[in-house]
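# build me a model:
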Amino acid sequence: MNILQEYISEKNSNPNFLDKVAKEFSFEIINYINEEFIDSKISDSSTKKRLKDNISKLIKREYNTLSVPYFYILENINLCVEVEMSERQIKEDNSQKFGDVKFTQILENGMQKSEPIRRFDISEKVFSQKLVNFVEKYTLDYDVDIDTIKIEFN
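Got it, this is the predicted structure:
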């Protein structure tokens, strides 16, 4: 984080320094996504680790430029949330015993499900806006494309 603080306070245009800033910022974006979206939505540690690895592969760094394909990152997170919720529901359904609930109660109330499976748990608008707000803390040299945020360090 020291490199980013130095970038904010002193506008150093040395290409080697800017490349280090881009590298450090990509790690910060990954950590932000992990803390803000993955840790709160996904409980399986191996899934969290794979997601973090996939996100680091998706973010492209070229010289002093970062490309963050937020749409594909969001798709990965939402898919993992959906799978985890489905697995929880299957386990819960399998653990229920026949005859635990009276037939008349089922007719009146329907089958009780713990929580519905949310296919798109995090909206694209919320995800992209939070990422843009995070980027704006460090630089205003960015462009939001259809599915990518492109950040340039000058």
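# and the closest residue to Lys41 other than its chain neighbours, what helix or strand is that in?
Nearest residue to Lys41 in three dimensions, chain neighbours excluded: Val81, at 5.0 Å (Cβ to Cβ, 6 or more residues apart in numbering). Quick note: C-beta positions are derived from backbone N, CA and C, even for glycine. Per DSSP states H and E: Val81 is located in helix 70-95.
# and that helix, how far out from the chain's middle?
Put simply, helix 70-95 sits 14 Å off its chain's centre (Cα atoms, centre = their mean, to the nearest Å).
# which helices and strands does that helix pack with?
helix 39-41, helix 45-58, helix 124-136 (3 or more Cβ pairs under 8 Å, 6 or more residues apart in numbering; DSSP states H and E).
# using CSV, lay out those helices together with distance to Ile8 and mean pLDDT.
Formatted as CSV, those follow (distance: least, Cβ to Cβ, whole Å; pLDDT from 0 to 100):
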stretch, distance to Ile8, mean pLDDT
helix 39-41, 26, 86
helix 45-58, 23, 90
helix 124-136, 12, 92
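# which of those helices sits closest to Leu18?
Counting by Cβ to Cβ, Leu18 lies closest to helix 124-136 out of the helices and strands packed on helix 70-95; the figure is 15.6 Å.
# so how far is the closest one off the chain centroid?
Between the centre of helix 124-136 and the centre of its chain there are 11 Å (Cα atoms, centre = their mean).
# in it, what's buried?
127-128, 130-131, 134-135 (16 or more other Cβ atoms under 10 Å).
# direction included, what does the following helix or strand past it pair against?
The helix or strand immediately downstream of helix 124-136 is strand 142-144, counting by DSSP H and E. Using DSSP bridges, strand 142-144 pairs in its sheet with strand 149-152 (antiparallel).
# would you mark the buried spots in the partner strand?
Neighbour-count burial for strand 149-152 [16+ other Cβ under 10 Å]: 149, 151.
# will you turn the helices and strands packed on helix 70-95 into CSV that also has distance to Glu75?
Shown next, in CSV, are the helices and strands packed on helix 70-95 (distance: least, Cβ to Cβ, whole Å):
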stretch, distance to Glu75
helix 39-41, 14
helix 45-58, 10
helix 124-136, 9
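# mind giving me the packing neighbours of the helix or strand containing Asp19?
Element membership for Asp19, per DSSP H and E: helix 15-33. Using 3+ Cβ pairs under 8 Å, 6+ apart, the elements in contact with helix 15-33 are helix 2-9, helix 45-58, strand 60-62, strand 65-68, helix 124-136.
# many thanks, we can stop here.
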